[in-house]
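Visitor: Structural data only, the sequence is not supplied:
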């Protein structure tokens, strides 16, 4: 199944974007701007076809979680638990 895109459009009135609350000097904030996300998404997206199955996750989320798992030496469950609590991890994975 083709992946869906992470919505990063304009926020709601009176709500701040996650990026405005984070420190731009943080290593994950900076790494999020260095990686070629568009090329990675295009390369991986071409490997998937539309069809039955689970609803797809954004490719950037999947790649980001795999990278965080590897960088921090965490299991899948530990990465998901940390992702829920870590705003820098969420930003790194494409969420605003």
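Guide: Great, that's in hand. None of these values were measured; they are calculated from a predicted model. Numbering: from 1, shown residues only.
Visitor: for the chain, where's the lowest mean pLDDT among helices and strands?
Guide: In the chain, the helix or strand scored least confidently by mean pLDDT, DSSP states H and E is helix 18-21, which has a mean of 80.
Visitor: How far off centre is stretch 56-66?
Guide: Between the centre of stretch 56-66 and the centre of its host chain there is 6 Å, according to CA atoms, centre = their mean, to the nearest Å.
Visitor: Which residues are in contact with residue 26?
Guide: Neighbouring residues of residue 26 by CB atoms under 8 Å, 6 or more residues apart in numbering: residue 88. To be clear about C-beta, it is placed using only N, CA and C from the backbone, and glycine gets the same treatment.
Visitor: Could you report the separation of it from residue 89?
Guide: Taking CB to CB, to the nearest Å as the criterion, residue 26 is separated from residue 89 by 11 Å.
Visitor: swap in residue 47?
Guide: Using CB to CB, we find residue 47 at a distance of 25 Å from residue 89.
Visitor: ok, these two, which is more surrounded?
Guide: Under the criterion of other CB atoms under 10 Å, the comparison of residue 47 against residue 89 puts residue 89 first, with 18 against 8.
Visitor: who's in contact with the more buried one?
Guide: If a contact means CB under 8 Å, 6+ apart, then residue 89 has 28, 64, 68, 82, 83 as its contacts.
Visitor: Against which helices or strands is the helix or strand hosting the third one packed?
Guide: For residue 68, the host element (DSSP states H and E) is helix 59-72. Other helices and strands packing on helix 59-72, by 3 or more CB pairs under 8 Å, 6 or more residues apart in numbering; DSSP states H and E, are helix 37-45, helix 76-85, helix 87-92.
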